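K.L.:
Would you be able to build a 3D model of this:
(one chain, ligands or ions: 2)
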Amino acid sequence: MGSTSRLSQRTTEKETTMSHQADEEIFQNAIGRLDQAAEFSSIGPEALERLRYPKSMLQVSIPLRMDDGSLRVFQGYRVRHDDTRGPTKGGIRFHPDVHLGEVKALAFWMTCKCAVAGIPFGGGKGGIIVNPKELSRLELERLSRGFIQRVADFIGPETDIPAPDVYTNAMIMGWMMDEYSNIQRRRTPTVITGKPIPLGGSLGRDDATGRGAYYCIKELERLKSWSPTEVRVAVQGFGNAGQHVARLLHADGYRIVAISDSRGGVYREEGLDIPRAIELKQQRQDMSEVYASRSVCDCPECGCVECHCQPDDAGTGKVITNKELLELDVDILIPAALENQLTAENADRVIAPVIVEVANGPTTTSADEVFNAKGTLIVPDILANAGGVTVSYFEWTQNRAGYYWTVEEVHERLSQIMKREFNLIYELMAANQIDMRTAAYAHALNRIGEAIESQGTNTFFSTQPTVQPIS
Ligand SMILES: NC(=O)C1=CN([C@@H]2O[C@H](COP(=O)(O)OP(=O)(O)OC[C@H]3O[C@@H](n4cnc5c(N)ncnc54)[C@H](OP(=O)(O)O)[C@@H]3O)[C@@H](O)[C@H]2O)C=CC1
Ligand SMILES: O=C(O)CCC(=O)C(=O)O
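P.N.:
Ligands and ions are numbered 1, 2, ... in the order given. The predicted model follows:
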């Protein structure tokens with residue numbers, strides 16, 4: 001890339017001001033859920049006030065030597081929202097649209113999610129502004145290690161423990177753990193979760209997010225006496241979270257009629273061949289590239305991503321847009337990609353009576369009002385996708401104990417937690433005649449409030465220096 005186009009990538013002062021406003025908007029929207037939920041919770045006003053502000057935030061610049069010898073500098077963030085209940089915990093996202101407000105909102109959601117799951121963690125999150133699909137594997141490794149070099153004093157096994165999120169995976173967690181261990185001069189698997197199994201990862205972490213959502217849907221199936229073969233499901237986003245929830249539901253006979261990824265979706269009324277779609281989605285066009293996967297809409301004929309079957313085998317599917325997927329006539333809609341997909345603009349046209357939020361923050365507050373008015377049941381993100389961080393907690397405890405569980409043990413313990421918390425929240429919803437999101441936040445606030453109030457009145461106590469370098 002020439003120097004002119006490099007320079008043109010820089011944001012102008014005006015753009016920066018505008019982006020700061022947008023930054024705040026997503027975080028303010030996220031914490032906007034607090035007041036309503038507090039009415040149904042035992043949390044006091046001072047504890048609630050503390051949750052409106054992240055505990056500490058770090059912005060870093062990561063210089064990266066590209067394969068062609070040139071230098072690029074990437075921006076990264078790590079936010080620790082609240083650590084009253086334990087070390088902050090949450091993923092690291094690699095995406096071109098990452099911004100500070102998004103990371104703050106994601107960290108806040110992690111505080112609430114860990115409280116919902118009843119695991120001893122607070123909330124944190126991180127991200128790098130980058131399109132990882134444009135990097136070679138070696139560039140990606142250098143960037144991942146560079147990020148850890150910059151945040152090494154901010155994270156730690158007892159302070160802040162990262163994990164995978166959008167466009168990061170076990171391989172990247174392995175590089176990051178190795179880099180942190182090099183800096184500390186001792187092997188430190190407890191600093192990060194979602195690692196490869198040979199490096200101390202937990203069995204069952206790979207599908208934990210989708211599996212946690214699956215257990216929520218199984219509870220709904222029990223409560224509503226659903227017959228799986230009659231239930232039509234659409235899944236937006238076919239990455240780690242989306243693929244596994246689709247796979248588990250498909251195996252139980254649910255009809256997955258639509259799936260999508262960043263390039264679009266595919267729809268087939270009779271249901272899609274999900275195992276085949278996963279197999280083909282995971283095959284890389286070029287094995288040297290980490291994220292250059294095929295799209296689910298590469299083959300519109302059969303609904304799988306590469307046409308090895310005749311149209312007769314599977315019937316004809318059709319390519320649809322992500323927008324169309326959200327408005328399909330289905331029984332369960334599962335957003336499993338990014339935030340702000342269901343908005344005031346499209347909520348009226350969403351037909352699905354049940355939405356299971358596998359993505360973080362897929363529904364805006366104004367869309368919530370529309371859904372509540374029309375009686376849509378939303379299983380909120382802080383419950384529906386809590387399976388990932390719950391198995392991350394299992395991974396951390398296994399690393400600390402040096403004793404590893406079988407995959408059956410992981411599934412059993414995850415199932416117990418997800419079903420227990422789902423039912424507590426469902427009962428709170430019914431008892432107070434409120435929506436499930438408000439009930440989930442109230443449930444989280446009870447636990448967080450109790451912890452904050454147990455600390456006493458010294459609100460200035462801190463286990464780590466607070467860094468606020470972002471203007
Ligand atoms: N991984 C985890 O453990 C957890 C993840 N989550 C949340 O789940 C969501 C998905 O994360 P995860 O599955 O891990 O991420 P992945 O990177 O594994 O997958 C992301 C998927 O979303 C697709 N996608 C990207 N942009 C769009 C778009 N604009 N419209 C539709 N699809 C899109 C990607 O498409 P393509 O394949 O074409 O790039 C990919 O299929 C996020 O909100 C994340 O925060 C929540 C809890 C835990
Ligand atoms: O596994 C973890 O620690 C966090 C996963 C995550 O980022 C999330 O739940 O959004």
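K.L.:
Contact residues of the stretch 301-450 of the chain facing ligand 2?
P.N.:
Residues of the stretch 301-450 of the chain lying near ligand 2 by Cβ under 6 Å from any ligand atom: Asn360, Asn385, Gly388, Val389, Ser392. Any C-beta I mention is one placed from the backbone N, CA and C, and that applies to glycine too.
K.L.:
Out of those, which two are the most distant from each other?
P.N.:
Using Cβ to Cβ, the pair of these lying farthest apart is Asn360 and Ser392, separated by 14.6 Å.
K.L.:
more crowded one of these two?
P.N.:
Neighbour count, other Cβ atoms under 10 Å: between Asn360 and Ser392, Ser392 has more, with 29 against 26.
K.L.:
The more buried one contacts Lys195, correct?
P.N.:
No: Ser392 lies out of contact with Lys195 (Cβ atoms under 8 Å); the separation is 9.9 Å.
K.L.:
Can you tell me the number of residues neighbouring Gly156?
P.N.:
Number of residues near Gly156 (other Cβ under 10 Å) recorded here: 17.
K.L.:
And the residue lying closest to it once chain neighbours are set aside, what's its pLDDT?
P.N.:
Spatial nearest neighbour of Gly156, excluding adjacent residues (Cβ to Cβ, 6 or more residues apart in numbering): Val191 at 6.2 Å. Model confidence at Val191, expressed as pLDDT, equals 98.
K.L.:
For ligand 2, what's the nearest residue on the protein?
P.N.:
The nearest approach of the chain to ligand 2 comes at Gly91, 2.7 Å away (Cβ to the nearest ligand atom).
K.L.:
Quick one: distance of the host helix or strand of that residue to the chain centre.
P.N.:
Here Gly91, judged by DSSP states H and E, is contained in strand 88-95. How far strand 88-95 lies from its chain's middle: 8 Å, per Cα atoms, centre = their mean, to the nearest Å.
K.L.:
do stretch 418-436 and ligand 1 meet?
P.N.:
No: using Cβ under 6 Å from any ligand atom, stretch 418-436 stays clear of ligand 1, coming no nearer than 12.8 Å.
K.L.:
what residues does that stretch touch?
P.N.:
With Cβ atoms under 8 Å, 6 or more residues apart in numbering as the contact definition, stretch 418-436 has outside contacts at 40, 116-118, 212, 215-216, 218-219, 223, 368, 371-372, 377-380, 383, 386-387, 390, 438-440, 442-443.
K.L.:
State which helix of the chain is the longest.
P.N.:
Longest helix in the chain, counting residues (DSSP state H): helix 407-432.
K.L.:
Next, the angle from the following helix or strand past that helix to helix 407-432.
P.N.:
Next helix or strand after helix 407-432 toward the C-terminus (DSSP H and E): helix 436-454. Interaxial angle of helix 436-454 relative to helix 407-432 (axes from the mean of the first three to the mean of the last three Cα atoms, to 10 degrees): 100 degrees.
K.L.:
Extract the C-alpha set from helix 436-454 and format it as PDB.
P.N.:
Only the C-alpha atoms of helix 436-454 are listed here, as PDB (Å, rounded to 0.1, in the frame of the first residue of the first chain):
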ATOM      1  CA  MET A 436     -36.900 -12.000  30.500                       C
ATOM      2  CA  ARG A 437     -34.100  -9.500  29.900                       C
ATOM      3  CA  THR A 438     -35.200  -7.300  32.900                       C
ATOM      4  CA  ALA A 439     -35.500 -10.500  35.000                       C
ATOM      5  CA  ALA A 440     -32.000 -11.600  34.000                       C
ATOM      6  CA  TYR A 441     -30.500  -8.200  34.900                       C
ATOM      7  CA  ALA A 442     -32.400  -8.100  38.200                       C
ATOM      8  CA  HIS A 443     -31.000 -11.500  39.000                       C
ATOM      9  CA  ALA A 444     -27.500 -10.400  38.100                       C
ATOM     10  CA  LEU A 445     -27.900  -7.100  40.100                       C
ATOM     11  CA  ASN A 446     -28.900  -9.100  43.200                       C
ATOM     12  CA  ARG A 447     -25.700 -11.000  43.200                       C
ATOM     13  CA  ILE A 448     -23.400  -8.000  42.200                       C
ATOM     14  CA  GLY A 449     -25.100  -5.700  44.700                       C
ATOM     15  CA  GLU A 450     -24.700  -8.200  47.500                       C
ATOM     16  CA  ALA A 451     -20.900  -8.500  46.700                       C
ATOM     17  CA  ILE A 452     -20.400  -4.700  46.500                       C
ATOM     18  CA  GLU A 453     -22.300  -4.100  49.700                       C
ATOM     19  CA  SER A 454     -20.300  -6.900  51.500                       C
END
